[in-house]
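In: Fold the following for me, if possible:
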Amino acid sequence: MNQIQKQILDILNEFNDQNPGYYLARNYLLDKLKIDDKLLEKNAFQLRDEKYVDISPGLGVEFSSVKITGKGINLIENSGMSNFTAAENSDEITTSSDLRIKNTFNQIYNTIESLNLDNRDKVIEKVSIIREELKKDEINTAKIRSSTAWLKINASWTIFPLAQVIITVYGLNWSK
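Out: You can find the predicted model right below:
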């Protein structure tokens, strides 16, 4: 994997943290990376071939927008190649609990990628809400409860691994 591909994945991973499951416009990447259009296209298609990204075509073009896949997220978060800002450095793997959390979420994202879900984007959104809340110092249990309630009905297979992370690792008190 070359430096441009690493930068593409890093930008897509950051975008996905804020906009789970959404595609990022090709022009944004061109502007952010300051590279030639053909070079972006070549690298994006190589990442697609490795299943690290999903490319969406547009009107008359093969590549209009792109988003990171579960496999891409897994690569970024478990390889230590992410370009986290100082504020996000607290999210780096420091203990076996941190590794277990990352692996659990990556397994869920990989499963979502492998399944043909009608509600795929919504499942990613709800899982990402839980993931982001668990990173915070002040956890909003109401957000976690509402997301897990939706997942219980619409993607019940996510509940057991999420419950393990929420209850076992964080010892979250659900009565608050």
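In: So in this protein, where's the weakest helix or strand by average pLDDT?
Out: In the chain, the helix or strand scored least confidently by mean pLDDT, DSSP states H and E is helix 96-114, which has a mean of 76.
In: Check the offset of that helix from the chain's centre.
Out: Relative to its chain's centre, helix 96-114 lies at 10 Å (CA atoms, centre = their mean, to the nearest Å).
In: So, low pLDDT: which residues of this structure?
Out: 79-100, 168-176 (pLDDT under 70).
In: Show me what whichever strand or helix holds Val127 is packed against.
Out: Val127 is part of helix 120-135, with elements assigned from DSSP states H and E. Packing partners of helix 120-135 (3 or more CB pairs under 8 Å, 6 or more residues apart in numbering; DSSP states H and E): helix 3-18, helix 96-114, helix 141-154. In short, each C-beta sits where N, CA and C put it, glycine included.
In: Let me have these in JSON lines, extended by distance to Lys135 and mean neighbour count.
Out: JSON lines is the format used below for these (distance: least, CB to CB, whole Å; neighbours: other CB atoms under 10 Å):
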{"stretch": "helix 3-18", "distance to Lys135": "10", "mean neighbour count": "18"}
{"stretch": "helix 96-114", "distance to Lys135": "9", "mean neighbour count": "17"}
{"stretch": "helix 141-154", "distance to Lys135": "12", "mean neighbour count": "15"}
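In: Serialize those helices to CSV and add fields for distance to Asn74.
Out: Listed next are the helices and strands packed on helix 120-135 as CSV, based on distance: least, CB to CB, whole Å:
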stretch, distance to Asn74
helix 3-18, 10
helix 96-114, 4
helix 141-154, 20
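In: Spit out the contact partners of the residue nearest to Lys122 when sequence neighbours are not counted.
Out: Leaving out its chain neighbours, the residue that sits closest to Lys122 by CB to CB, 6 or more residues apart in numbering is Asn154, at 7.1 Å. Asn154 makes contacts with 119, 122-123, as judged by CB atoms under 8 Å, 6 or more residues apart in numbering.
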